[in-house]
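> next one to model:
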Amino acid sequence: MDKKLWRLYFKTLLLTLLGLCGVLAILYGIFMYMVGGLNRQTVDEDSLSVNEELGVYGSQGIMNIALFGIDSQNEENKGRSDAIMIASVNQKTGKIKLISIARDTYVDIPEHGKTKINHAYAYGSAELAIQTINENFDLNIKDYATVNFDSLADVIDEMGGVELEVTEAERQQINNYLLKGEKLRESGLVHLTGPQAVSYSRIRKIDGDVQRGERQRKVLECLFQKALGINPLLYPSYVRKFSPLVETSLSNDEILKLASVGVKSGLSLEQAGLPNDNIQSHGERINGVWYFVYDIDEAADMIEEFIYHDIPFDQYGKDEEATETQAE
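Prediction:
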């Protein structure tokens, strides 16, 4: 190759590299613009009681994150997490698992003793709430995201509302909890506005905290399905709108990793809740306060099996039972 061709080759290569750098710089600038409104908080990982033994599953690419919903309109309980969930994201397969924990669950909160799990957020914000989840359920959560229920109503409205099957009893409760907007006029398969969907998520008087968690997961599943249908070109504008409504400890690198999961073709969502029909539980008054009481160690094992071995809660222990029956 003569000198002219060499110069042309290197000039072309240089221009190509400069072009790629320019594109990457633009993409990074767009990303920074998108997440610029996030309320960033740091947590001390050394105080989170992370279960390092789960490191044996490190090759699976699974990231567990705590999700908290705060109800600031309840002045008496302001600061307590009205919704508590574990989001487990498999960065390799695109599978997302959502596990809700009843807020009245009776657990040991570090340095505060036995009480309701939702008190942890009020006692020590997200850091103590994460530590409480890790210690009781043997998990390795290091990050969280918190959203206020008022903000969630805005998000739902921006997404065009949600369609849900609502009973007549639920319709009446939605209107009782509704703090703004129009009341829901009919039951059945209905379209809910943001405030109506949030009111639906707050219902607990007609049944209990387990059903409340189920309703919250139904709303999130509807939002998940709506997000799948959004034109990817509109993602930046949506993220920019929603980011100021979220408080999180996630770094930019972690958010980018999670965002890469969203473009996978096999993206799916599986849901579960504690307590459930597959674990013995009961309501109990202790010192005049009502709690959900169940075997926390067994619940921790169920969570591990669900997250790392794809065993749904309703299949937990079934193989062992079958083995014991065959042995007899």
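> surely Ile117 touches Ile84?
Yes - using CB atoms under 8 Å, Ile117 is in contact with Ile84, at 6.3 Å. No exception for glycine: its C-beta is placed from N, CA and C like everyone else's.
> now the element after the helix or strand containing Pro236, going C-ward?
Here Pro236 sits within helix 235-242, counting by DSSP states H and E. Where DSSP H and E defines the elements, the next helix or strand beyond helix 235-242 is strand 246-248.
> and whichever helix or strand comes after that following strand, what's buried?
Note on strand 246-248: by DSSP H and E, the next helix or strand toward the C-terminus is helix 252-261. Applying a neighbour-count criterion of 16 or more other CB atoms under 10 Å, one finds 255, 258, 261 buried in helix 252-261.
> what pLDDT, on average, does helix 252-261 get?
Per-region confidence: helix 252-261 scores 78 on mean pLDDT.
> quick one, that helix and helix 235-242 angle?
On the basis of axes from the mean of the first three to the mean of the last three CA atoms, to 10 degrees, helix 252-261 is oriented at 130 degrees to helix 235-242.
> now for the helix or strand following helix 252-261, which elements pack on it?
Toward the C-terminus, helix 252-261 is succeeded by strand 268-274 as the next helix or strand (DSSP H and E). Other elements packing on strand 268-274 under the criterion 3 or more CB pairs under 8 Å, 6 or more residues apart in numbering; DSSP states H and E are strand 95-101, helix 209-228, helix 296-309.
> helix/strand/coil for Tyr291?
strand (DSSP: H, G, I helix; E, B strand; the rest coil).
> ok, the residue nearest to Lys116 when sequence neighbours are not counted - how many residues close by?
Excluding the flanking residues, the one nearest Lys116 by CB to CB, 6 or more residues apart in numbering is Asp104, at 5.3 Å. Residues near Asp104, counting by other CB atoms under 10 Å, number 21.
> ok, now which ones touch Asp104?
Shown in contact with Asp104 (CB atoms under 8 Å, 6 or more residues apart in numbering): 116-118, 209, 290-292.
> quick one: buried residues of stretch 303-316?
In stretch 303-316, counting by 16+ other CB under 10 Å, buried: 303-307, 311, 313, 316.
> of those residues, which is the nearest to Met63?
Nearest to Met63 out of the buried residues of stretch 303-316 is Ile307 (CB to CB; 10.4 Å).
> mind checking how far the closest one is from Phe313?
11 Å (CB to CB, to the nearest Å).
> picking that back up, quickly list what's touching both of Ile117 and Ile84.
101, 103, 133.
> possible to save these as JSON lines with distance to Ala169?
Formatted as JSON lines, these follow (distance: CB to CB, whole Å):
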{"residue": "Ile101", "distance to Ala169": "25"}
{"residue": "Arg103", "distance to Ala169": "21"}
{"residue": "Ile133", "distance to Ala169": "32"}
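> flag whichever of the residues you listed scores worst on pLDDT.
Among the shared contacts of Ile117 and Ile84, pLDDT bottoms out at Arg103, giving 91.
> for the nearest residue to that one once chain neighbours are set aside, report the pLDDT, please.
Distance criterion CB to CB, 6+ apart; nearest residue to Arg103, sequence neighbours excluded, is Asn118 at 3.8 Å. With respect to pLDDT, Asn118 scores 92.
> contact partners for Asn118?
Going by CB under 8 Å, 6+ apart, the list of residues near Asn118 reads 80-82, 84, 103-104.
> swap in 6 Å and give it another go.
Going by CB atoms under 6 Å, 6 or more residues apart in numbering, Asn118 touches 80-81, 103.
> distance of the residue lying closest to Glu254 once chain neighbours are set aside relative to Ser249?
Among residues not flanking Glu254 along the chain, Asp143 sits closest, at 6.6 Å (CB to CB, 6+ apart). Relative to Ser249, Asp143 is positioned 5 Å away (CB to CB).
> quick one: the strands in the protein?
For the chain, the strands defined by DSSP state E cover 39-40, 62-70, 81-90, 95-101, 106-109, 113-116, 143-148, 162-166, 188-192, 246-248, 268-274, 281-286, 289-294.
> save those as CSV, and put in distance to Gly229 and mean neighbour count too.
Formatted as CSV, these follow (distance: least, CB to CB, whole Å; neighbours: other CB atoms under 10 Å):
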stretch, distance to Gly229, mean neighbour count
strand 39-40, 28, 12
strand 62-70, 22, 22
strand 81-90, 20, 22
strand 95-101, 16, 22
strand 106-109, 38, 20
strand 113-116, 37, 15
strand 143-148, 21, 20
strand 162-166, 13, 17
strand 188-192, 16, 14
strand 246-248, 21, 20
strand 268-274, 14, 19
strand 281-286, 37, 12
strand 289-294, 36, 17
